[in-house]
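# Okay, sequence plus prediction incoming.
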Amino acid sequence: MSLLFIIVPLIALLYASVGFGGATGYLVVLSLFDVESQVMASTALILNVVVAGISFITYFQAGHLRLSLMLPFIVSSIPAAFIGGTFKIADHIYSILLYSVLTFVAIRLLFFSKDQDDAQSLRPVSLWLALVIGFLIGLLSGMVGIGGGVFLSPIILYARWGNSRETATLSAAFIVLNSISGILGRLTGGTLAFEPFSLTLIPFGVIGALTGSWLGSQHISSLNLRRALGVVMSLAVSNFWLNFWEF
């Protein structure tokens with residue numbers, strides 16, 4: 001379990017550099033230690049709030065927030081994340097749902113990552129489409145225990161609604177708000193659960209988040225970092241599916 005205090009800040013650094021909170025990474029690691037599913041989801045959401053919150057502040061201070069891009073998505077995602085957090089899911093169903101999500105994320109990071117920095121090519125956001133997307137991502141995020149930024153950011157980039165750093169800023173805000181909503185939903189639904197180690201991981205997440213968000217907002221391209229995350233996550237999820245099919 002002590003390895004968590006080394007791995008968590010590394011995850012936070014990598015994810016914060018691209019505006020993510022790192023929930024998918026924390027969930028992979030926690031699953032390797034056989035942590036109970038509700039504790040996994042609750043711990044990941046708490047770390048998400050801290051890490052993505054730091055990332056958002058850093059990107060915001062660097063001038064990358066576009067409010068008109070953010071609002072349509074968060075209006076529908078916040079109540080949806082609360083609803084998803086109230087769902088009580090059996091452990092085996094949670095594992096299948098979680099690793100299906102993680103597999104999608106791994107493939108997306110590995111093969112479909114790209115930067116979008118040409119402001120002249122950007123398109124206006126479709127309001128109703130943004131509301132629907134926000135609701136669906138929020139609902140899934142609340143159920144699994146993630147913030148949803150890993151789903152939202154590729155949609156924004158491929159739809160050309162925002163450039164890379166605007167997308168990272170939006171993703172960080174989206175993750176913070178959905179994670180808080182998911183925590184409140186779990187509290188209401190009786191699925192919020194922690195172990196003593198959960199809160200002690202927060203300072204280590206802060207260290208990683210401060211470093212990663214500073215690097216990502218001003219100094220490095222995020223493309224290779226996203227692909228590196230994809231490789232790591234692919235190795236983790238492949239182990240689950242191999243054992244699943246053998247069973």
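Perfect, I can see it now. Bear in mind the structure is a predicted one, so any value in this text is a computation, not a measurement.
# which residues of this structure score low on pLDDT?
109, 112-120, 216-230, 232-233, 235-236, 239-240, 243-247 (pLDDT under 70).
# And the host helix or strand of residue 96, what does it pack against?
Per DSSP states H and E, residue 96 falls inside helix 91-111. Other elements packing on helix 91-111 under the criterion 3 or more CB pairs under 8 Å, 6 or more residues apart in numbering; DSSP states H and E are helix 23-32, helix 37-61, helix 127-144, helix 149-159, helix 223-246. For every residue, glycine as well, the C-beta is placed using N, CA and C.
# how about those helices, which one is nearest residue 201?
helix 37-61 (6.3 Å; CB to CB).
# in the next helix or strand along the chain from that closest one, what's buried?
Once the chain leaves helix 37-61, the next helix or strand it forms, by DSSP H and E, is helix 67-86. Neighbour counts using 16 or more other CB atoms under 10 Å place 69-70, 72-74, 76-86 of helix 67-86 among the buried residues.
# try stretch 153-168
Buried, per 16+ other CB under 10 Å, within stretch 153-168: 153-154, 156-157, 159, 161-168.
# what does stretch 92-102 give?
Per 16+ other CB under 10 Å, stretch 92-102 contains these buried residues: 94, 95, 98, 99, 101, 102.
# Could you dump the buried residues of stretch 153-168 into JSON lines and include distance to residue 192?
Output for these, formatted as JSON lines (distance: CB to CB, whole Å):
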{"residue": "153", "distance to residue 192": "27"}
{"residue": "154", "distance to residue 192": "29"}
{"residue": "156", "distance to residue 192": "30"}
{"residue": "157", "distance to residue 192": "33"}
{"residue": "159", "distance to residue 192": "34"}
{"residue": "161", "distance to residue 192": "33"}
{"residue": "162", "distance to residue 192": "33"}
{"residue": "163", "distance to residue 192": "36"}
{"residue": "164", "distance to residue 192": "34"}
{"residue": "165", "distance to residue 192": "33"}
{"residue": "166", "distance to residue 192": "32"}
{"residue": "167", "distance to residue 192": "30"}
{"residue": "168", "distance to residue 192": "28"}
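# and which of those is nearest to residue 193?
Nearest member of the buried residues of stretch 153-168 to residue 193, counting by CB to CB, is residue 153, at 28.7 Å.
# In contact with that closest one: list those residues for me.
Shown in contact with residue 153 (CB atoms under 8 Å, 6 or more residues apart in numbering): 18, 19, 20, 167, 168, 170, 171.
# Could I get the phi/psi values of the fourth one?
Same thing as residue 167. Main-chain dihedrals, residue 167, degrees, to the nearest 10: phi -70, psi -40.
# Check whether it really touches residue 156, as I assumed.
Yes. Assessed by CB atoms under 8 Å, residue 167 is found in contact with residue 156 at 4.7 Å.
# one step back: using a markdown table, lay out the buried residues of stretch 92-102 together with distance to residue 108.
Listed next are the buried residues of stretch 92-102 as a markdown table, based on distance: CB to CB, whole Å:
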| residue | distance to residue 108 |
| --- | --- |
| 94 | 21 |
| 95 | 20 |
| 98 | 16 |
| 99 | 15 |
| 101 | 11 |
| 102 | 11 |
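# and which of those residues is nearest residue 141?
Checking the buried residues of stretch 92-102 one by one against residue 141 (CB to CB), the nearest turns out to be residue 101, at 9.2 Å.
# Excluding sequence neighbours, find me the nearest residue to that closest one.
residue 144 (5.5 Å; CB to CB, 6 or more residues apart in numbering).
# ok, that neighbour to residue 162 distance?
The gap separating residue 144 from residue 162 is 24 Å, by CB to CB, to the nearest Å.
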